[in-house]
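Visitor: predicted model, plus sequence, below.
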Amino acid sequence: MSLISRRRLGALTALAGLGVVAAGCSTGNPLGTASSTASSTASGAALVIGSQQYYSNEIIAELYAQALESVGFQVTRQYQIGQREIYLPELEAGKIDVIPEYSGNLLQYYDKSATATDADQIATALAQALPTGLRALTAAAASDQDSYTVTKAFADQYGLAAIGDLTKAPQPLKIAANSEFATRPYGPDGVKQVYGVDLQLVPVEDSGGPLTLRALTDGTVQIADLYTADPSIAKNGLVILSDPKNLILPQNVTPIVSTKVNTSAAAAIEAVNGQLSVADLQQLNARSVDEQAKSADIASAWLKSKGLV
């Protein structure tokens, strides 16, 4: 299946004047207001908020967008852009100002020899690895990691609990994942080196979505790269294989921002991350998957429930 086409949503109208913003935000909004310094730092231009080609990432991007709007920043939404190979060059070129990322994977993208293994080490290493002009804001407790996920029947058949147990099953094993998985550190080469498992990639270009899930449940593949905050894992009784050798690094939600994101804008984004837990992300994702709710509606309800807007 081909990549979903990029959807570009137009810029929303700015709030009319900082005086109006200040008056409208005098009701206890913990994000406060964008000061005149904050707005002038952005040179009057909208902050461009991007997202990966992944519904959960779009929801997080929309959380940031609405939080920024609530304190007077103009934003332009550019969602469902694609994978890192597509959107990171745009971010580095200054065409995108904010995008939600996942710490461990992003570190390995920029530093293939990285040795960090825990969340704090990864945050420190990532700050050093990012190109000039980009910086990482504080990571959320929420994470959404790639995983080696199998059906319960397959796990029971071969006694699987950890990734290394896959060597008990006939090799090579088929895994459904985006084509980029072939070159990821935790892809076929990585899992062969770390765990001795032989994999054959079956490309399914929906970022762990319903087509990837179907390939697993209908037996087309034995393994799927599903993201750990995906509600379909529990809903379908699937088994995430443990990773005792840290093949897959922690992937905490981490905003990557350009120099256009000033202190006030960063504070609005970090207020969101400060309340975004694993359980919160799972619930947000469940609303998208189970209710087919729009990202704007999901984000608005969550921000209000947390007192952030």
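Guide: Now that the structure is in, tell me what you want to look at. Numbering: from 1, shown residues only.

Visitor: shaky segments in this structure?
Guide: Along the chain, segments meeting pLDDT under 70 span 1-44.

Visitor: break it down into its domains, please.
Guide: 7-143+250-305, 148-240 (automatic domain parsing).

Visitor: for residue 127, give its distance to residue 135.
Guide: Using CB to CB, to the nearest Å, one obtains 7 Å as the distance from residue 127 to residue 135. Where you see a C-beta, it was placed from the backbone N, CA and C, and this is true even at glycine.

Visitor: neighbour count: those two, which is higher?
Guide: Comparing residue 127 with residue 135 by other CB atoms under 10 Å, the one with more neighbours is residue 135, at 16 against 12.

Visitor: now the strands for the stretch 1-150 of the chain?
Guide: 7-8, 47-50, 75-79, 98-102, 134-136, 148-150 (DSSP state E, counting those that start in this stretch).

Visitor: what separation do you get for the closest residue to residue 75 other than its chain neighbours and residue 51?
Guide: Leaving aside its sequence neighbours, residue 75 sits nearest to residue 65 (CB to CB, 6 or more residues apart in numbering; 4.7 Å). Distance of residue 65 to residue 51, given as CB to CB: 9 Å.

Visitor: again with residue 208
Guide: 15 Å.

Visitor: which residue is nearest the centroid of this structure?
Guide: By CA atoms, centre = their mean, the chain has its centre lying nearest to residue 57, at 4.4 Å.

Visitor: name the nearest residue to that one, ignoring sequence neighbours.
Guide: residue 51 (4.7 Å).

Visitor: spell out the secondary structure type for residue 176.
Guide: Judged by DSSP: H, G, I helix; E, B strand; the rest coil, the three-state class of residue 176 is strand.

Visitor: quick one: contacts for the closest residue in space to it that isn't next to it in sequence?
Guide: Closest residue in space to residue 176, ignoring its immediate chain neighbours: residue 215 at 4.0 Å, by CB to CB, 6+ apart. Shown in contact with residue 215 (CB atoms under 8 Å, 6 or more residues apart in numbering): 176, 202, 204, 221, 224.

Visitor: most widely separated two among the residues you listed?
Guide: Greatest spatial distance among those (CB to CB): 202 and 224, at 9.4 Å.

Visitor: so what's in contact with these two at the same time?
Guide: Taking CB under 8 Å, 6+ apart as the criterion, residue 202 and residue 224 both touch 175, 176, 177, 215.

Visitor: what's the closest of those to residue 284?
Guide: Taking CB to CB as the measure, residue 284 lies nearest residue 177 of the shared contacts of residue 202 and residue 224, at 22.8 Å.

Visitor: quick one: closest of the strands of the stretch 1-150 of the chain to residue 229.
Guide: Closest among those, using CB to CB: strand 98-102, at 10.5 Å.

Visitor: okay, now residue 286: neighbour count?
Guide: Neighbour tally, residue 286, other CB under 10 Å: 18.

Visitor: same question for residue 160.
Guide: Other residues close to residue 160 by other CB under 10 Å number 24.
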